[in-house]
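S.K.: Sequence first, then the predicted structure:
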Amino acid sequence: MDEQVTGVTEWHINADEPLVLDYNTEFKTQDLYEPTPYRSSDHDPVIVGLDLNATPVVGPITATPNPALVNGAVNFSANFTDADAGDTHTAVWNWGDGASSPGTVSGGTVTGGHTYGAVGTYTVTLTVTDSHGNEGTSAVQVQVTYGVKALYDQTKAHKSGSAVPVKLQLVDAAGANLSSPSLVVHVTGISPASPSANLDSGDANPGNDFRYDASLGGYIFNLSTKGFAPGEYTLSFTVAGDPLTHTLKVVVR
């Protein structure tokens, strides 16, 4: 706020004067009170001059795409307003992953872009600062997820009661394989609901977790279709650290 102070001075309105001239009446019958500021205070006030400047108001942030694939570019933009037309502005993006960068200011719009190298949920904050040092902010959450590459024909119909090897790889925005034995890929359910609580065929996937296959460079889940009626089913699964639930299709005849 220092930049908004235009001056400081003392207002000397508590001048010394004899009791006979003040506005008290304990030693006189004449009331000398006047409706002015003088002797209205028991001290001399300090006058501070201010040139108050409005804070920029930053609107909602648009993130495209959101959710985004890991290692893929995400573009951001936000509009802002400032009641003081003569102000100039700078902007900074805080990407929520420990990185930040200047924003590009054009008129009342700020843009920027970032690439996330790990899955997760990130809070992105934009700070717009005017030429008086006033700051306005806005924030948005961005979800960064794995891409899923199916390594089987999702349209092929399988006989009810058979085991269907559901195979997949986890990939980034460029299609690079990120599958790793250290990542837990876990089946959370199937829709329509399975007649059996056990989706694992032959105990090949304990705990309903996909198993990593080095020769495949990906994951396999042997899905039991015992008791399944003919139709299309949606298998749901999660990946450690990934904020989204993923799905694949299985057809039963």
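M.R.: Yep, it's here.
S.K.: The spatially closest residue to Tyr146 that is not a sequence neighbour and Ala73, how far apart?
M.R.: With CB to CB, 6 or more residues apart in numbering as the criterion, Tyr146 has its nearest non-adjacent residue at 4.3 Å, and that residue is Leu170. For every residue, glycine as well, the C-beta is placed using N, CA and C. Distance of Leu170 to Ala73, computed by CB to CB, to the nearest Å: 19 Å.
S.K.: So between the two, which is more surrounded?
M.R.: When Leu170 and Ala73 are compared for neighbours, Leu170 comes out ahead with 23 against 13, by other CB atoms under 10 Å.
S.K.: ok, now which ones touch Val239?
M.R.: By CB atoms under 8 Å, 6 or more residues apart in numbering, Val239 lies in contact with Val119, Tyr146, Leu170, Leu183, Val184, Val185, His186, His246.
S.K.: go with 7 Å
M.R.: Applying CB atoms under 7 Å, 6 or more residues apart in numbering, we find Val239 in contact with Tyr146, Leu170, Leu183, Val185, His246.
S.K.: Can you pull the phi/psi pair for the residue lying closest to the third one once chain neighbours are set aside?
M.R.: Here the nearest residue to Leu183 in space, its sequence neighbours aside, is Ala240; by CB to CB, 6+ apart that works out to 5.4 Å. Recorded main-chain torsions at Ala240 are phi -50, psi 130, according to degrees, to the nearest 10.
S.K.: pLDDT at Ala240, what is it?
M.R.: Here the pLDDT value assigned to Ala240 is 97.
S.K.: Tell me, domain by domain, which residues of this structure belong where.
M.R.: The record's domain split for the chain, according to automatic domain parsing, is 1-52, 57-145, 147-252.
S.K.: Work out for me the element His132 sits within.
M.R.: His132 is part of no helix or strand when elements are defined by DSSP states H and E.
S.K.: Over to the one 4 residues further on?
M.R.: Following DSSP H and E, the helix or strand that holds Gly136 is strand 135-145.
S.K.: I'm done for today, thanks for sticking with me.
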